[in-house]
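Participant: Turn this into a structure:
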Amino acid sequence: MKGLLRIRVIPNAARTELVGRMDDVWKIKVQVPAEGGKANRALIEFFSTILGCPRRAISISFGEKSRIKGLEVDGLSNEAIEARMIHHLE
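Facilitator: Predicted coordinates:
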């Protein structure tokens, strides 16, 4: 089972945080710059914590060099991902 998460990344933020959702895209700020893959690594680390899964279970399926990205999560359904994201915002 694999879930897909569409996100919009805002690099160079004051802190890394989940901002919210617009339609089917989650918005996240990351504290690191978007250079040399730093923002992508920070993104995977952050979502690993939120979703309670190992970093190796999360991969970028599209948009590696774009602000709009797709994260694929092994072992979690879309519904489980959604529930954990909403719980994190509360």
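Participant: Which strand residues bridge Lys29?
Facilitator: Judged by DSSP bridges, the bridge partners of Lys29 are Ile10, Glu17.
Participant: Secondary structure of Arg15: a strand, I assume?
Facilitator: No - counting by DSSP: H, G, I helix; E, B strand; the rest coil, Arg15 is not found in a strand; it is coil.
Participant: Would you mind confirming that it makes contact with Ile28?
Facilitator: No - the criterion here is C-beta atoms under 8 Å, and Arg15 misses it with Ile28 at 11.0 Å. From N, CA and C alone the C-beta is placed, and that goes for glycine too.
Participant: who's more crowded, those two?
Facilitator: Ile28 (23 against 7; other C-beta atoms under 10 Å).
Participant: buried residues in stretch 43-55?
Facilitator: Leu43, Ile44, Phe46, Phe47, Ser48, Leu51, Cys53 (16 or more other C-beta atoms under 10 Å).
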